[in-house]
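Asks: need a 3D model of the sequence below.
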Amino acid sequence: MMKNIQVSIAAIFMLLLLFAATGEEIAAQRCVETSSSPNCTNDICSKDCNQKHPGLVIGASCLLAQTCICTYSC
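Replies: Numbers count the residues shown, from 1 in each chain. Just a heads-up that it's a prediction; the model follows:
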């Protein structure tokens with residue numbers, strides 16, 4: 001009985017390590033693209049980003065109303 005508990009605890013620990021490693025890998029696979037856009041707004045930037053990277057966009061925003069910053073999954 002004690003051996004089964006030790007094996008179960010080891011298995012749970014290994015699964016936690018696997019999930020942690022997978023999460024870090026997913027987080028590392030983000031790309032950022034910048035583009036010049038006169039009179040940039042967040043709406044324009046978001047639409048442009050979604051057209052270039054459909055279904056992959058994580059976020060899009062304007063910087064100083066001149067530069068669109070698009071973050072998407074690689």
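
Asks: for Q29, what are its contacts?
Replies: Contact analysis of Q29 by Cβ atoms under 8 Å, 6 or more residues apart in numbering lists S73, C74. C-beta: built from backbone N, CA, C; applies to glycine.

Asks: now do it against C70, distance only.
Replies: Taking Cβ to Cβ, to the nearest Å as the criterion, Q29 is separated from C70 by 15 Å.

Asks: could you list the low-pLDDT ranges of the chain?
Replies: 1-28 (pLDDT under 70).

Asks: helices of the chain, residue ranges please.
Replies: 2-28, 42-52 (DSSP state H).

Asks: which other helices and strands contact the shortest one?
Replies: Which is helix 42-52. Judged by 3 or more Cβ pairs under 8 Å, 6 or more residues apart in numbering; DSSP states H and E, the packing partners of helix 42-52 are strand 30-36, strand 57-63, strand 67-73.

Asks: recalculate using a threshold of 7 Å.
Replies: strand 57-63, strand 67-73 (3 or more Cβ pairs under 7 Å, 6 or more residues apart in numbering; DSSP states H and E).

Asks: for the first one, packing partners?
Replies: So the one you mean is strand 57-63. Strand 57-63 packs on helix 42-52, strand 67-73, going by 3+ Cβ pairs under 7 Å, 6+ apart.

Asks: apply 10 Å and report the result again.
Replies: Where contact means 3 or more Cβ pairs under 10 Å, 6 or more residues apart in numbering; DSSP states H and E, strand 57-63 is packed against strand 30-36, helix 42-52, strand 67-73.
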